[in-house]
Structures are given as structure tokens and as C-alpha cells.
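S.K.: Sharing a model prediction with you, sequence too.
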Amino acid sequence: MVGLFGWILVLHIFASIAVIGPALVVPVIRRSARSVGQLHFAFDVTNKLAILLKIGGAVLMITGVWLMIITKMGLSQMWLNISILLSLLMVATIEGLIGPRMKKIMEIVSICQSKGEEVPFELGRLMKKITPMETLAQLLMVAIAVLMILKPF
């Protein structure tokens, strides 16, 4: 029989999948858009998946803290401390650097009337500027997942 720890761990793993999956795939989908119509579609998908990311993120934090309490681990493990630090850095990158720039891009996309036309140069330039930040956030997610799975130190 699976105890409370097992159920919380399963929920924690599913929440991490709900967060990591879309967070890794959505920027790739957005970058592949070649017309304004495709960008509209990409942003619609992004907005729909945002709720999954928010719920998954909240569940991930709650179950993570709960697991720390159940195991009486606290902040005694270096891999966990580094994971928490990287998570905070990732959230700061997404909310502080990527989020405001994405809002500006979404405003420009919503203004574009002709959905069949190519992506305007200015819009393409703005999207290319956030690519390194999105890549950083994705690499941080991968690093956190590796730390959580391997618990190296």
C-alpha cells in the first residue's frame, strides 16, 4: 500500500511534468511561427497552457514543501538548496525578463491586422531578443530536474 509520502511524491512528479513539458515546448512553437496568423495561434496556445503552468507550479511548490516536512529534510541537503535557488532564479527570469517583453510582443501581434502576412521585422527582432532568456529558463528547468532526480550532493 502506498502511504501519504508516495501519493505526495506522485503528485509532485505529475506537477513537474505539467510545468516542464509546456515550458520547454511553448517557446519552440512560438519561434517556429512564420506569419502573423501563426503567431496569433502560438499566443492562443501559450495563453491556454499558462493556466496549466500556474496550477502545476503551485502544486509543485506545495508538494515540495510537504515532502520536506514529511521527510524532516528541511534545508539540510545541498542539492535541494541549489534546486530552490535555481527555481527562484528561473521564476525571476520568466517573470522579470521574459514576461514584460512577451506582453509587448503580444500587443504588437494583436495590432497586426493581416494574419497572412510575414512577421514584421521589428516583431521578429523583439522575439529574437528574448530567445537567450527563454533558453536560460529552459536550461534552469533541466538543471533543477537533474538535481531532483540524481540528488548528487
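M.R.: Everything's here; your move.
S.K.: wait, residue 45 sits on residue 29?
M.R.: Yes - look at residue 45 against residue 29 with C-beta atoms under 8 Å: they come within range, at 6.4 Å. To be clear about C-beta, it is placed using only N, CA and C from the backbone, and glycine gets the same treatment.
S.K.: Give me the most central residue, this protein.
M.R.: residue 23 (3.6 Å; C-alpha atoms, centre = their mean).
S.K.: What is the burial count for the nearest residue to residue 29 once chain neighbours are set aside?
M.R.: In space, and not counting its chain neighbours, residue 29 is closest to residue 42: 5.3 Å by C-beta to C-beta, 6 or more residues apart in numbering. Residue 42 sits with 19 neighbouring residues when counted by other C-beta atoms under 10 Å.
S.K.: The closest residue to residue 143 other than its chain neighbours and residue 17, how far apart?
M.R.: Excluding the flanking residues, the one nearest residue 143 by C-beta to C-beta, 6+ apart is residue 86, at 5.7 Å. Counting by C-beta to C-beta, to the nearest Å, the separation of residue 86 from residue 17 is 18 Å.
S.K.: Output the longest helix belonging to the chain.
M.R.: Assignment by DSSP state H gives helix 36-70 as the longest helix of the chain.
S.K.: Can you give me the buried ones in it?
M.R.: Within helix 36-70, the residues scored as buried using 16 or more other C-beta atoms under 10 Å are 36-40, 42-43, 46, 49, 53, 56-57, 59-60, 63-64, 66-68.
S.K.: just to revisit the earlier point, which one's more surrounded, residue 86 and residue 17?
M.R.: Looking at residue 86 and residue 17 with other C-beta under 10 Å, you find the greater number of neighbours at residue 86, namely 16 against 12.
S.K.: got the buried residues for the helix or strand bottoming out on mean pLDDT in the chain?
M.R.: Lowest on mean pLDDT, DSSP states H and E among the helices and strands of the chain sits helix 99-111, with a mean of 86. By 16+ other C-beta under 10 Å, the buried positions in helix 99-111 come out as 102, 105, 108, 109.
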